[in-house]
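> structure of the sequence below:
(one chain, ligands or ions: 1)
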Amino acid sequence: MLTEDLYFMYLGLMLPKETHSQESLTFFAQDFTFKDDDVIAVTYPKSGTIWMQEILPLVLSGGDLTPIQSIPNWDRVPWLEEKRLKLVVDQLPSPRALVTHFPYQLMPPSFFTSKAKVIYVMRNPKDVLVSSYYFHQMATFLEDPGTWDEFIDKFLKGRVMFGKWTDHVKSWRNTQLGDRIMYITYEEMIQDLPAAVRLISNFLGKNLSDQIIEKIAHHSSFKSMQANIMSNFSLVPKIYMDSDKSQFLRKGVVGDWKQHFTSEQLVHFSSVISKELEGDNFTLPWSLDATVDVANVDAQVEM
Ligand code: A3P
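Take a look at the predicted model:
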């Protein structure tokens, strides 16, 4: 299918028609009102969105498994910009957990006047790219990614849903939200999930016991989510997501990029990303130094 059949542009963002519409965006922009106790997980696609759709209801309910075992993730913690929000918003328990891929400057006015809290989840862009490449192969409502080389180019030019990774990160790293926002990385969550769940619950003012934290980490582990039909997208018909091509819960690891990039691709990718982040006053938790990474990849090739 042609790009214009699959996507439309909204305020400079390329959005898939299957899940978004002018009506859903107007609903989000004008009819939806944020509440002070809302919690919003914000991600660039493929950075850990569905992981937060598992963790947040568990944290907010103090470890009650009912929501994650009875409601599909897209209705349990809906995307603010998607068509389904309007259908489920009135059924969400308070405090509400929501997700969005929107950049900061496109959030609607009530977001800025509310005290809603934000958890921004960031992931190494090289692994985001890999995850996105496979997602574009299995999600029939997205453009075919083309070759790996072609997809790197599309990603760097922002010709993918929600535009450039660097624009997204910059928008949310430079906010006026003060202590309303917390930053966490996918990599931290992989490294020590109970510790990440503790950080999230503290940020949300939930004083949970070690036992409950362990329970939440267990039920939001990759394995548990893979086995949970409310979270593994097996309820979605194959005409939308073809699990024979790739799984939504695909690998769930850090560093899969090492299996995909050539040295030349790494140098190019790292230099474009570094240049676009130049001058911004935040640090990234991963090296964008291509020389270090190239050594890493070359060592793999030699093995
Ligand atoms: P991979 O494709 O690298 O496996 P999003 O939800 O933003 O679309 O991100 C999807 C990515 O998050 C996928 O990455 C998926 O496997 C990973 N993911 C989801 N839940 C996870 C979990 N519990 N542990 C580790 N990775 C998880």
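
> could you use CA atoms for every contact and neighbour count after this?
Noted.

> state the pLDDT value of S287.
For S287, the model assigns a pLDDT of 77.

> count the residues that sit near T33.
14 (other C-alpha atoms under 10 Å).

> if you could redo that for D244, that was the one I meant.
D244 has 8 nearby residues by other C-alpha under 10 Å.

> repeat for Q226
Q226: 18 neighbours (other C-alpha under 10 Å).

> that one: what's its closest spatial neighbour, skipping adjacent residues?
Once flanking residues are discounted, Q226 sits nearest to N232: 5.3 Å by C-alpha to C-alpha, 6 or more residues apart in numbering.

> for the one you found, give me its contacts.
M225, Q226, F248, L249 (C-alpha atoms under 8 Å, 6 or more residues apart in numbering).

> distance of the first one from the ligand?
With distances taken as C-alpha to the nearest ligand atom, to the nearest Å, M225 is found 6 Å from the ligand.

> now do the same for that residue: its pLDDT.
Note on M225: pLDDT of 98.

> can you pull the contacts of the residue lying closest to L2 once chain neighbours are set aside?
Distances taken as C-alpha to C-alpha, 6+ apart put E143 closest to L2, at 7.7 Å, once the chain neighbours are dropped. Shown in contact with E143 (C-alpha under 8 Å, 6+ apart): M1, L2, T3, L6, H136.

> again, 7 Å this time
By C-alpha atoms under 7 Å, 6 or more residues apart in numbering, the contact list for E143 reads T3, L6, H136.

> so which of the residues you listed wins on neighbours?
Highest neighbour count within these, by other C-alpha under 10 Å: H136, with 20 neighbours.

> what comes into contact with the helix or strand where that residue lies?
Assessed by DSSP states H and E, H136 sits inside helix 125-138. Residues from elsewhere that reach helix 125-138, judged by C-alpha under 7 Å, 6+ apart: 46-47, 142-145, 151, 241-243, 245-246, 248, 255-257.

> buried residues in the helix or strand following that helix?
Using DSSP H and E, the next helix or strand after helix 125-138 towards the C-terminus is helix 148-157. The neighbour-count check on helix 148-157 (16 or more other C-alpha atoms under 10 Å) flags W148, F151, I152, K154, F155, L156 as buried.

> so where's the protein uncertain?
Scanning the chain for pLDDT under 70 picks out 290-292, 295, 299-303.

> the ligand: which of the contacts of helix 125-138 is nearest?
The shortest approach to the ligand among those belongs to K46, at 3.2 Å (C-alpha to the nearest ligand atom).

> now do the strands in the protein.
7-10, 13-16, 39-43, 97-100, 117-122, 181-185 (DSSP state E).

> picking that back up, can you add distance to A217 and give the contacts of E143 back as CSV?
Below are the contacts of E143 laid out as CSV (distance: C-alpha to C-alpha, whole Å):
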residue, distance to A217
T3, 39
L6, 37
H136, 29
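
> going by distance to P109, which of those residues wins?
Ranked by distance to P109 (C-alpha to C-alpha), the contacts of E143 are led by L6 at 28.8 Å.

> test my guess that the closest one contacts D144.
No. Here L6 lies out of contact with D144, judged by C-alpha atoms under 7 Å, at a distance of 10.4 Å.

> just to revisit the earlier point, the contacts of helix 125-138 also near the ligand: which ones?
Restricting these to those near the ligand by C-alpha under 6 Å from any ligand atom leaves K46, S47.

> are any of the contacts of helix 125-138 buried, and which?
Buried among the contacts of helix 125-138 by 16+ other C-alpha under 10 Å: 46-47, 142-145, 151, 241-243, 246, 248, 257.
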